[in-house]
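Engineer: Sequence first, then the predicted structure:
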Amino acid sequence: MRKSILVLVSSFLILKPNILSAQESEAVVETEAESAVEEQARITEFEACSTSVLQLVQNASGTLFAAADENSLAVYDAKDFNLIKHFYDGKLARISFYTEGESEFLAAITTSGQFIVRKLMQTYDGWAFEEGEPYYSADCSDVSGRKSLTAVSFSSNSDYVAAAFDDNSVQVHFRLRITAGSISRTITAHKAPVYALEFSKNGEYLATVSTDGESYIWNSYTGAKIAI
């Protein structure tokens, strides 16, 4: 007797500023023959956000996706495109899913430096966010109010958050999971404002680029410059 596996792949296309088209391809694969014997496609259009979609991300397993517009974030179940929850955190600089064990997390950082991590749980009838306060949150802006942010970013597992300011400095925050606090280090090598920040895939390194064309790579934890 042959065994078969149903593979579901979703792809998303922004048709209009706030309309998404989701195409699901179903392929029945005969595992013994190792060949696809049937393929079907369904296309679903729906209003993902109230205004233009600015960011669209999907988790690694393809079971969740999130769409962000100017002021809100909507999270959907990719299986049936049902809305899981809407958040109004402000304008987002970046959003990303990551997985730890059997749990899914959604990390987001606003252009004002508010960093938020929320935990999702899979229930018998779909997905739900953990009730109460966010799993983790931090304010990465300048508490004195004298400096303005020029760029923000975070690592793929949300352990590190970086914030660049108009005084040319970059602050790197390492999240302490047990105490829910953080360790912060400041980078002051740039002579012009930093406009781009990016962590390596494992979060070990941080790349910074300033408006004068200078770029550096740093050890995220120690703040030491990496020779290249």
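Structural biologist: Ah, there it is. Numbering: from 1, shown residues only.

Engineer: Only C-alpha atoms from now on, for both contacts and neighbour counts.
Structural biologist: Will do.

Engineer: wait, what's in contact with residue 153?
Structural biologist: 93, 94, 109, 161, 162, 163, 197, 198, 199 (C-alpha atoms under 8 Å, 6 or more residues apart in numbering).

Engineer: Scan those and report the most crowded one.
Structural biologist: residue 161 (28 neighbours; other C-alpha atoms under 10 Å).

Engineer: before we move on, which element is the residue nearest the centre of the chain in?
Structural biologist: The centroid of the chain falls nearest to residue 96 when counting by C-alpha atoms, centre = their mean (1.1 Å). Using DSSP states H and E, residue 96 falls within strand 92-100.

Engineer: now do residue 171
Structural biologist: With DSSP H and E as the test, residue 171 turns up in strand 170-176.

Engineer: Quick one: list the elements packing against the helix or strand just after the strand holding residue 96.
Structural biologist: Counting by DSSP H and E, the next helix or strand C-terminal to strand 92-100 is strand 103-110. Using 3 or more C-alpha pairs under 8 Å, 6 or more residues apart in numbering; DSSP states H and E, the elements in contact with strand 103-110 are strand 92-100, strand 114-123, strand 149-154.

Engineer: can you do 10 Å?
Structural biologist: strand 64-68, strand 92-100, strand 114-123, strand 126-129, strand 136-139, strand 149-154 (3 or more C-alpha pairs under 10 Å, 6 or more residues apart in numbering; DSSP states H and E).
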